[in-house]
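**Q** sequence and predicted model, in that order:
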Amino acid sequence: MQTFLQNKGRFYRLIYRAEQAHQDSFRIAFDDFPMNRTFRTLLCFTRVKPANTMANMLRSTTIRSSLPPFSRKAHLMMIRSHFACGLTFVLCALFSVNATTCSAADDYDYDLVHSSVSFKARHLDISWIHGRFNEVSGKFSLDRETPSQSTFALTIKTDSVDTANAARDEHLRQPDYFDTKQFPTITFKSTNVKPIEGGYEVKGDFTMHGTTNEITLVLMGGKEHDFKGTKRVAFSTELSLKRSDYGFDKNAIGPIGDKALIMIDCEGVKK
Amino acid sequence: MPEPLLYVKSFAVALITSAVWVLVITRLRREQTTNLNRISTPAIGVGMAIGLMVMKVQWAWPLASALDRFLTIILPAVICIQWIAAARCTPLWLTWLMRLCLVAALPRILLHQSVYLIDSDETPLWQSYLTMVICSGVLAVVWYSLCRLSKRSVESVSIPISLCVSLQSAGVCVMLAGYLKGGAVTIPITAAVIGTAISASVMMRNRGEAKLAFHSDALIGIAVVSLFSVLFFGHFFGRITMTSALAMMIAPTLCWVTELRGVQPASPWRAAVFRITTVTLLLLVVLVQAKRNFDRSFAPLLKNQEIGELQTRYAQTFPIELESSSLR
């Protein structure tokens, strides 16, 4: 910033650019003038004209002496700008304090190596066929103080279905089953999280085969473990669903039953 | 699992409905020059709809899969276009303009919201659009060539029948590739086109009109669009190979062999048989290849399935014996 202020001509150019109140030039100005992220957010949030705020702040703090003598009107404007600037900084400070208290949520990435999404479905109503999805991604944000603010999201690539039989996997990818070219993913996105004993009750939208239904998952676990300086947390859940509820053709259900069980064991690595 | 009885029922119902529709409406009109195209278009639509109902084909709303879009957008659209085109006041340029619009939009409609329309390393967007343009081009060429041939021919039942054979073969291929529902929808469509073609030709004979050629345009349009659509989603969503799909799409154009010098049969009916045989021969080759692929990939699964079904029946009949034998 010092280097920046040393160059007076550049500074005026910056003010001029900022006073265009054009978003692009404003962004360029910001690039030249690195600021606190919270302050940037505040500028956007309070709808304070960025050009004015920027100009006022700089004018009031750094180079007042270098400016020409002011008229009365200009002086009043100056006081107003001081007030605005002060208010901005107070709000900034408040926001920064708030930001530190609100950052209780920890963000985790789905660890594919130590997680699995598997399923089983009835075959001929006498046995179970087991399978798994090999490509899964997701992330979750865990707020232990206010669990309702936690979020969970999971994306499963349907093309990665694996039942330990290549021919059957190929058949499952066909439009009679997963239709992987049309519906490449199965997704879950939480909408409501409630703490329960030993875990969380998570309500959310489960989308499979182009159909979205609201489901409730009981996520058990959540115990945190620090492994070589990386925080890890794990959950597991089981989900029972009917394929016919998700737009699978009832006529094509055939020897594989309508009901399927999905078992999710996921381990998250803190970002 | 395939249900042959249901397929036969659906085929019969669609065929009879279309045929009866044409016969009844033609009789009711009693005009000297009945516009058979105008009658045959709704006949196919009605026959097809009833056949699909018998087969209990369901579609999701909002339209999710390519098959849903084919049944609810493309088929009604082509029937409407052919119905408008059949009107005597519709100029030829307008007919072809409507057809070309459908041809251009068809691949895009079928691929809507699929992975092919997402830019990725595996399938770049430009490649998908190029494929769509080429496919539309093939459809336009086949459609135009068959319409042109029908105008040159004395009889015109052979072209719709050849198209029906191709359409049914495409359906079988799609089913053998593991997409049962996609292949099964061709059954009522084929039946409706055959029923309409046969009843229309019977009516024309009774009326003493020598030429039915100009009346098969509607049948050709609906059949060729159905054939293309089934092959298109069979390839892009199922597992039909590009070679098989292309061979089956081009097969009906083999009807042109009778127009070659030195091959022209003496009578129109001989020409019809010659055309259908030529088309069928090519289709047989493709079907044999599809069956081989099926035997290689899916037959082992089905064999195991049959064993499983036998076990189920045995378990249901002799539950205690099975328990005791497993204990032993």
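**A** Ah, there it is. Numbers count the residues shown, from 1 in each chain, chains lettered A, B, ... in the order given.
**Q** from now on I want contacts and neighbour counts done on CA atoms only, so please keep to that.
**A** Will do.
**Q** tell me which helix or strand residue B:243 sits in.
**A** helix B:242-250 (DSSP states H and E).
**Q** pLDDT on that helix, on average?
**A** Averaged over helix B:242-250, pLDDT sits at 94.
**Q** that helix: which residues count as buried?
**A** B:244, B:245, B:246, B:248, B:249, B:250 (16 or more other Cα atoms under 10 Å in any protein chain shown).
**Q** between those residues, which is nearest chain A?
**A** residue B:245 (16.8 Å; Cα to the nearest Cα).
**Q** got the residues of chain A near chain B?
**A** A:124, A:126, A:167-168, A:171, A:174-176, A:179-184, A:210, A:247, A:249, A:252, A:254-255 (Cα under 8 Å from any Cα of the partner chain).
**Q** buried ones from these, can you make that a PyMOL selection?
**A** Listed next is the PyMOL selection for buried residues among the residues of chain A next to chain B, using 16+ other Cα under 10 Å:
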select buried, chain A and resi 124+168+171+174+175+176+179+180+181+182+183+184+210+247+249+252
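**Q** related to what we said a few turns ago, contacts for the helix holding residue B:243?
**A** B:142, B:166, B:169, B:170, B:227, B:228, B:231, B:232, B:235, B:282, B:283, B:286 (Cα atoms under 8 Å, 6 or more residues apart in numbering or on different chains).
**Q** the third one touches residue B:287, doesn't it?
**A** Yes: here residue B:169 reaches residue B:287: they are 7.0 Å apart, a contact under Cα atoms under 8 Å.
**Q** and for residue B:120, the neighbour number?
**A** Residue B:120 has 10 neighbours, counted by other Cα atoms under 10 Å in any protein chain shown.
**Q** same thing with the one 5 residues further on?
**A** Each residue near residue B:125 was counted by other Cα under 10 Å, and the total is 16.
**Q** SS state for the closest residue to it other than its chain neighbours?
**A** Distances taken as Cα to Cα, 6 or more residues apart in numbering or on different chains put residue B:119 closest to residue B:125, at 4.8 Å, once the chain neighbours are dropped. Put simply, residue B:119 is coil when judged by DSSP: H, G, I helix; E, B strand; the rest coil.
**Q** any regions of the stretch 1-150 of chain B where pLDDT drops low?
**A** Residue ranges of the stretch 1-150 of chain B with pLDDT under 70: B:1, B:30-34.
**Q** what segments of it are helices?
**A** B:4-29, B:36-54, B:66-69, B:75-86, B:92-110, B:125-152 (DSSP state H, counting those that start in this stretch).
**Q** nearest to residue A:230, of those?
**A** Among these, the nearest to residue A:230 by Cα to Cα is helix B:125-152 (39.7 Å).
**Q** roughly how far is that closest one from the heart of the chain?
**A** With Cα atoms, centre = their mean, to the nearest Å as the basis, helix B:125-152 stands 16 Å off its chain's centre.
**Q** burial of residue B:150, as a residue count?
**A** Counted with other Cα under 10 Å, residue B:150 comes out at 25.
**Q** does it touch residue B:217 like I think?
**A** Yes: counting by Cα under 8 Å, residue B:217 is a contact partner of residue B:150 at 7.5 Å.
**Q** ok so, going back, wait, the residue nearest to residue B:125 touches residue B:113, no?
**A** No: taking contacts as Cα under 8 Å, residue B:119 lies outside contact range of residue B:113: 11.8 Å.
**Q** residue 218 sits in which helix or strand?
**A** This is for chain A. strand A:211-227.
**Q** oops, I was thinking of chain B
**A** With DSSP H and E as the criterion, the answer for residue B:218 is helix B:217-236.
**Q** can you list the residues that contact the strand holding residue A:218?
**A** A:198-207, A:231-239, A:246-247.
**Q** and residue B:222, what does it touch?
**A** Counting by Cα under 8 Å, 6+ apart, residue B:222 has contacts B:75, B:78, B:79, B:82.
**Q** by neighbours, which of those wins?
**A** Neighbour max across those (other Cα under 10 Å) = residue B:82, 25 neighbours.
**Q** from what I see, it and residue B:221 are in contact.
**A** Yes: if you go by Cα under 8 Å, residue B:82 and residue B:221 touch, sitting 6.9 Å apart.
**Q** thinking again about what came up before, which SSE is immediately downstream of the helix holding residue B:243?
**A** Criterion used, DSSP H and E; the element after helix B:242-250 is helix B:268-297.
**Q** count of neighbours near residue A:198?
**A** Neighbour tally, residue A:198, other Cα under 10 Å: 12.
**Q** wait, is residue A:258 part of a strand?
**A** Yes: per three-state DSSP, residue A:258 lies within a strand segment.
**Q** residues near the residue in the stretch 1-150 of chain B that chain A sits nearest to, how many?
**A** Residue nearest to chain A within the stretch 1-150 of chain B: residue B:114 (4.3 Å; Cα to the nearest Cα). With neighbours defined by other Cα under 10 Å, the count for residue B:114 comes to 20.
**Q** list the contacts for it?
**A** A:181, A:182, A:183, A:184.
**Q** ok, the residues you listed vs chain B, which is closest?
**A** residue A:182 (4.3 Å).
**Q** reformat the helices of the stretch 1-150 of chain B as a markdown table; add distance to residue B:60.
**A** What follows is those, written out as a markdown table (distance: least, Cα to Cα, whole Å):
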| stretch | distance to residue B:60 |
| --- | --- |
| helix B:4-29 | 21 |
| helix B:36-54 | 14 |
| helix B:66-69 | 7 |
| helix B:75-86 | 16 |
| helix B:92-110 | 15 |
| helix B:125-152 | 25 |
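**Q** residue B:301: which of the ones you listed is closest?
**A** Here helix B:4-29 is closest among the helices of the stretch 1-150 of chain B (Cα to Cα), at 19.3 Å.
**Q** any part of the closest one near chain A?
**A** No: for helix B:4-29, no contact with chain A is found by Cα under 8 Å from any Cα; the gap never falls below 11.4 Å.
**Q** contact residues of chain B facing chain A?
**A** B:1, B:58, B:60, B:64-66, B:113-116, B:178-181, B:236-239, B:297-298, B:301, B:308-309, B:312.
**Q** please enumerate the helices of chain A.
**A** Here chain A has its helices, by DSSP state H, at A:2-6, A:8-19, A:23-32, A:37-45, A:50-61, A:72-102, A:166-172.
**Q** what mean pLDDT does the longest one have?
**A** Pointing back at helix A:72-102 there. Throughout helix A:72-102, pLDDT has a mean value of 53.
**Q** give me the phi and psi for residue B:60.
**A** phi -90, psi 150 (degrees, to the nearest 10).
**Q** before we move on, what about residue B:155?
**A** phi -100, psi 160.
**Q** distance of the residue lying closest to residue A:120 once chain neighbours are set aside from residue B:189?
**A** Distances taken as Cα to Cα, 6+ apart place residue A:130 nearest to residue A:120, at 4.4 Å, with adjacent residues excluded. Residue A:130 is 38 Å from residue B:189, where distance means Cα to Cα, to the nearest Å.
**Q** higher neighbour count, these two?
**A** Neighbours were counted for residue A:130 and for residue B:189 using other Cα under 10 Å; residue B:189 has more, 30 against 16.
**Q** which ones are touching that one?
**A** Per Cα under 8 Å, 6+ apart, neighbours of residue B:189: B:14, B:44, B:47, B:48, B:51, B:223, B:226.
**Q** from the chain's centroid, how far away is the helix or strand hosting it?
**A** Assigned by DSSP H and E, residue B:189 belongs to helix B:186-207. From the chain centre to the centre of helix B:186-207 is a distance of 14 Å (Cα atoms, centre = their mean).
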